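*Asks:* pasting a predicted model and its sequence here:
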There are 2 protein chains.
Amino acid sequence: MASVKSISNKKLGRRPGGEDTRAKIVTAAQTQFAAEGYGHASLRQIGSLAEVDPALIIHYFGTKQRLFAEAMLPLFEGPKLLPAALEGSKNGIGLRLAELFVKMTSQPSAQKLMLGLFRSASSEERAAEMIRSFIQTGIIDRVEKFLPGPNKKLQANILGGQMVGIFITRYVLKVEPIANVTAEELIAYLAPRLQAHFE
Amino acid sequence: MASVKSISNKKLGRRPGGEDTRAKIVTAAQTQFAAEGYGHASLRQIGSLAEVDPALIIHYFGTKQRLFAEAMLPLFEGPKLLPAALEGSKNGIGLRLAELFVKMTSQPSAQKLMLGLFRSASSEERAAEMIRSFIQTGIIDRVEKFLPGPNKKLQANILGGQMVGIFITRYVLKVEPIANVTAEELIAYLAPRLQAHFE
């Protein structure tokens, strides 16, 4: 167990092996937030999972809220792949979006983060704010210029909302049959529905 | 305040004015579950809001879980209107579904129940199960026979999932701009997206 004493006279997070410990804490936090939600996850549990003293978590991250923000950060990488899927032949947009969605959401690490966000959003306004930001700057701002029609932002928002719903019913609520269809089947059925937004 | 003593020698819930008290408890429970989620709502708070002794709630409903199930029950009335929207001219299905969705979800009483379900689903498996049942028997089972294509259940599920996502982004997460567009605007943009499922 890394102890707080061993770093007490060093600079914040700047001891040998500090980056490894930091990464271990972030991974443990992602697991706990997904399992318990923000409200029920405790620094003690996270510390126990990362095999560090909870005080070391405070040393590195300051507060549970800042640990949460940092733990969720990798999620914002996914939507950066949207422009590549949106550019190119118009007829293939629906398929490329469906493939990107399934590719992103079928990664266990991304599912863990999304679950953590949704399990936290009901009680923690900061988590709800992160999902809003994910949809607004991650999705709507990137998609809107590719859409036809007068209110592109609303259309992009409807598309983003629909994707959120597909994610929740497949991975959070586990509704049948969508929870158990193959990636290929989901892509085949999702692609034309997504394509319709761009016609 | 109705007291437990006043009913101690009567049959379960069978005293004069019992139905009024029961209804008051259910309304208070709906408000508390929406505000706090299942996990954080307490019978003491619900009793205080309904102006009854918490013991009277146990007398009428047995457990918090059964009170929750009964409080959420009115929600299952909404999807019964689906067949009427699905029958009739094929070209108008998208518009009729969009109108029904907006009509149902803009009622404050329905919003309260949906919020209660979503706030509870992250910690309470019974709440997640009710949402699954709402989507499966409420929506998928009613919609599938109207859809084209080989896997009607999956298509109905995708449609249901999309509607769940629109609800969550508009009313739970309050994403902009969808949280603040008028009913008319939402219907206008939603109708062609829903229609696409039936082409």
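*Replies:* Noted; the coordinates are in hand. Small disclaimer: the values here were computed from a predicted structure and weren't measured. Residues are numbered from 1 along each chain as shown, chains lettered A, B, ... in the order given.
*Asks:* switch to C-alpha atoms for all contacts and neighbour counts from now on
*Replies:* Noted.
*Asks:* just the C-alphas of stretch A:133-148, formatted as PDB.
*Replies:* Taking Å, rounded to 0.1, in the frame of the first residue of the first chain, the C-alpha atoms of stretch A:133-148 are listed here in PDB:
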ATOM      1  CA  SER A 133     -21.900  18.700 -22.100                       C
ATOM      2  CA  PHE A 134     -21.200  15.300 -23.700                       C
ATOM      3  CA  ILE A 135     -24.300  15.600 -25.800                       C
ATOM      4  CA  GLN A 136     -24.000  19.300 -26.600                       C
ATOM      5  CA  THR A 137     -20.400  19.900 -27.400                       C
ATOM      6  CA  GLY A 138     -19.500  16.200 -28.100                       C
ATOM      7  CA  ILE A 139     -22.400  15.400 -30.400                       C
ATOM      8  CA  ILE A 140     -24.700  18.300 -31.300                       C
ATOM      9  CA  ASP A 141     -22.000  20.800 -32.100                       C
ATOM     10  CA  ARG A 142     -20.200  18.300 -34.400                       C
ATOM     11  CA  VAL A 143     -23.300  16.900 -36.100                       C
ATOM     12  CA  GLU A 144     -25.500  19.900 -36.800                       C
ATOM     13  CA  LYS A 145     -23.700  21.300 -39.900                       C
ATOM     14  CA  PHE A 146     -24.200  18.000 -41.700                       C
ATOM     15  CA  LEU A 147     -28.000  18.100 -41.200                       C
ATOM     16  CA  PRO A 148     -30.600  19.500 -43.600                       C
END
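*Asks:* centre of the chain to that stretch, how far?
*Replies:* Remark: stretch A:133-148 is offset 16 Å from the chain centroid, using Cα atoms, centre = their mean, to the nearest Å.
*Asks:* kindly report the same for stretch A:162-179.
*Replies:* Centroid separation for stretch A:162-179 versus its chain: 15 Å, with Cα atoms, centre = their mean.
*Asks:* now do it, average pLDDT.
*Replies:* Across stretch A:162-179, pLDDT averages out at 93.
*Asks:* tell me if it is near chain B.
*Replies:* Yes. Residues of stretch A:162-179 contacting chain B under Cα under 8 Å from any Cα of the partner chain: A:162-166, A:168-169, A:173-178.
*Asks:* among those, which are located in helices?
*Replies:* A:162, A:163, A:164, A:165, A:166 (DSSP state H).
*Asks:* columns neighbour count on top of these, output as TSV?
*Replies:* Below are those laid out as TSV (neighbours: other Cα atoms under 10 Å in any protein chain shown):
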residue	neighbour count
A:162	26
A:163	24
A:164	23
A:165	26
A:166	27
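*Asks:* do I have it right that residue A:140 meets residue A:163?
*Replies:* No. Judged on Cα atoms under 8 Å, residue A:140 makes no contact with residue A:163 at a distance of 11.6 Å.
*Asks:* quick check: next helix or strand after the helix ranked longest in chain A?
*Replies:* In chain A, assigned by DSSP H, the helix with the most residues is helix A:18-40. Note on helix A:18-40: by DSSP states H and E, the next helix or strand toward the C-terminus is helix A:43-50.
*Asks:* what's the offset of that following helix from the middle of its chain?
*Replies:* Taking Cα atoms, centre = their mean, one finds helix A:43-50 lying 21 Å from the centre of the chain it belongs to.
*Asks:* in that helix, which residues are buried?
*Replies:* For helix A:43-50, the neighbour count (16 or more other Cα atoms under 10 Å in any protein chain shown) marks A:43, A:46, A:47, A:49, A:50 as buried.
*Asks:* isn't the fourth one right next to residue A:26, touching?
*Replies:* Which is residue A:49. No. Taking contacts as Cα under 8 Å, residue A:49 lies outside contact range of residue A:26: 10.5 Å.
*Asks:* next to chain B, which bits of chain A? Give me the list.
*Replies:* Checking chain A against chain B by Cα under 8 Å from any Cα, the hits are A:36-37, A:118-119, A:122-123, A:128-129, A:131-132, A:135-136, A:153-155, A:157-158, A:161-166, A:168-169, A:173-178, A:189-190, A:193, A:196-197.
*Asks:* from residue B:198, how far off is residue A:25?
*Replies:* 48 Å (Cα to Cα, to the nearest Å).
*Asks:* same list (the buried residues of helix A:43-50) but as CSV, adding distance to residue A:101.
*Replies:* Formatted as CSV, the buried residues of helix A:43-50 follow (distance: Cα to Cα, whole Å):
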residue, distance to residue A:101
A:43, 32
A:46, 30
A:47, 33
A:49, 30
A:50, 31
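*Asks:* just the buried positions in stretch A:177-196, please.
*Replies:* Using 16+ other Cα under 10 Å as the test for burial, stretch A:177-196 gives A:177-179, A:186-187, A:189-196.
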